[in-house]
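Engineer: Okay, here's the prediction I keep looking at, along with the sequence it came from:
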Amino acid sequence: MKRRDFAYYLQYKIDRGAYVDKWWEVVNWADVEKRFDKAKH
């Protein structure tokens, strides 16, 4: 088991849905929007 997998396992066990939900909270959406707008033009 790799270190990152182990950390995931300790916090979320088999609840992958909760892990994915938390991952999306980490995304800086304002920055994503800014980069997306810049890429479109």
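Structural biologist: It's in.
Engineer: got the residue ranges for the helices in this protein?
Structural biologist: 3-12, 16-26, 29-40 (DSSP state H).
Engineer: Worst mean pLDDT among those helices?
Structural biologist: Mean pLDDT is lowest for helix 3-12 out of the helices of the chain, coming in at a mean of 68.
Engineer: hmm, back to that, JSON lines for the helices of the chain, including mean neighbour count?
Structural biologist: Where C-beta positions appear, they are placed from N, C-alpha and C, glycine not excepted. JSON lines is the format used below for the helices of the chain (neighbours: other Cβ atoms under 10 Å):
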{"stretch": "helix 3-12", "mean neighbour count": "10"}
{"stretch": "helix 16-26", "mean neighbour count": "10"}
{"stretch": "helix 29-40", "mean neighbour count": "9"}
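Engineer: For stretch 7-20, measure first residue to last.
Structural biologist: Stretch 7-20 has its terminal residues 14 Å apart, counting by Cα to Cα, to the nearest Å.
Engineer: hang on, I meant stretch 19-34
Structural biologist: Using Cα to Cα, the distance between the terminal residues of stretch 19-34 is 26 Å.
Engineer: Off-centre distance for it?
Structural biologist: 6 Å (Cα atoms, centre = their mean, to the nearest Å).
Engineer: Please apply the same query to stretch 23-35.
Structural biologist: 10 Å.
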